[in-house]
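Chemist: Okay, predicted coordinates and the sequence, questions at the end:
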Amino acid sequence: MEKNYNYMRRRLFLPEYGRHIHEMIDSLLTIEDRRERNRQARAVIAVMGNLNPLLRDTADFTHKLWDHLFIMSDFQLDVDSPYPRPSREELTVTPHRMPYTQSRIAYKHYGKYVERMLQSLGGVQDRQAVARTVDNLARYMRTKSFEYNQEHPNNEVIVKDIKRMSGGDIEIDEVALNNLRSDYKQHFTARPQKGGQQQRQQKNRNQQHARNYSKNNGSRHNFQK
């Protein structure tokens, strides 16, 4: 007996409709009378709509069914459609390649925007605005370096990094950097272990209970004497 497996059959263009719908459309290709072929095509459209009754009231639902009819026929079915007939080229348009930036980040712990901001400050004429911006960036860089390395950075390193990232256009005094108050500074504390606080509270209660017990027993012995 010859076995008929799905992998031996032809590929389904829209598997969600099932193989029976594809076979019905294949039978439409064999009908020579155009009038009868149009009538049978409308019947197939009705069957396709019954597979998704909840979508009948949606916009362009019938238009989508006719497009799927032509797709499942591999664009070979010649019937009178109430909508423009789609073409293979329209449905197989290759999307445009999206350009991705591959710029190298020299100082990853600061991020790429810090370097861009420092480079853009080179052409600013207002030196006071540049100084205020550089001060804020220096605070931010000091904070990010602390988050990345888990230790307070040396101000000399911050000064050199600002000069390098700005291309030598911006120089900041290390003494002025020492006087800056870091508003972005975050203090990282060791994460308490699970149950540590409860254990300390229980230990304190036990110690207090032991002191009260010793005090009461001492008073009782003195009273008996």
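Modeler: Yes, it's here.

Chemist: Nearest the geometric middle of the chain, what residue?
Modeler: Centrality entry for the chain: nearest residue to the mean C-alpha point is Y100, 16.1 Å, by C-alpha atoms, centre = their mean.

Chemist: can you tell me how far that residue sits from N52?
Modeler: 38 Å (C-beta to C-beta, to the nearest Å). (Each C-beta comes from the backbone N, C-alpha and C, glycine too.)

Chemist: next one: L12
Modeler: Going from L12 to N52 by C-beta to C-beta gives 17 Å.

Chemist: What of L137?
Modeler: L137 is 57 Å from N52, by C-beta to C-beta.

Chemist: same deal with L77?
Modeler: The gap separating L77 from N52 is 21 Å, by C-beta to C-beta.

Chemist: Show me which of those two is the more surrounded one.
Modeler: Taking neighbours as other C-beta atoms under 10 Å, L77 and N52 compare with L77 leading, 19 against 14.

Chemist: List the contacts of that one.
Modeler: L77 makes contacts with I25, L28, L29, A41, L69, F70, as judged by C-beta atoms under 8 Å, 6 or more residues apart in numbering.

Chemist: The same query, at a cut-off of 6 Å, please.
Modeler: Contact analysis of L77 by C-beta atoms under 6 Å, 6 or more residues apart in numbering lists L28.

Chemist: Based on its surroundings, how many neighbours for L69?
Modeler: As a burial measure, L69 scores 23 neighbours (other C-beta under 10 Å).

Chemist: What of Y17?
Modeler: For Y17, the tally of surrounding residues (other C-beta under 10 Å) stands at 21.

Chemist: And it, how close does it get to N4?
Modeler: Between Y17 and N4 the computed distance is 19 Å (C-beta to C-beta).

Chemist: Distance-wise, check the residue nearest to the centre of the chain relative to D80.
Modeler: When distance is defined by C-beta to C-beta, Y100 is 46 Å away from D80.

Chemist: do Q128 as well
Modeler: Distance from Q128 to D80, by C-beta to C-beta: 76 Å.

Chemist: got it, and P153?
Modeler: Applying C-beta to C-beta to P153 and D80 gives a distance of 76 Å.

Chemist: Check S145 too.
Modeler: From S145 across to D80, the span is 72 Å (C-beta to C-beta).

Chemist: swap in R205?
Modeler: For R205, the distance to D80 equals 90 Å [C-beta to C-beta].

Chemist: Domain-wise, how is this protein divided?
Modeler: Listed by automatic domain parsing, the domain ranges of the chain are 10-91, 112-179.

Chemist: Throw these into a markdown table and include distance to I105, thanks.
Modeler: Output for these, formatted as a markdown table (distance: least, C-beta to C-beta, whole Å):
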| stretch | distance to I105 |
| --- | --- |
| domain 10-91 | 40 |
| domain 112-179 | 5 |
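
Chemist: now those domains in TSV, with mean pLDDT?
Modeler: As requested, the domains of the chain are exported to TSV (pLDDT from 0 to 100):
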stretch	mean pLDDT
domain 10-91	89
domain 112-179	81
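
Chemist: can you tell me which of those domains comes nearest to R104?
Modeler: Closest of the domains of the chain to R104 is domain 112-179, at 9.2 Å (criterion: C-beta to C-beta).

Chemist: What ranges does the chain have for its strands?
Modeler: In the chain, no strands are defined using DSSP state E.

Chemist: just the helices in the protein please.
Modeler: Ranges of helices in the chain, per DSSP state H, are 18-28, 34-50, 61-72, 88-91, 112-120, 127-149, 155-165, 174-179, 196-224.

Chemist: and the longest one, what's its mean pLDDT?
Modeler: If you average the pLDDT over helix 196-224, you get 61.
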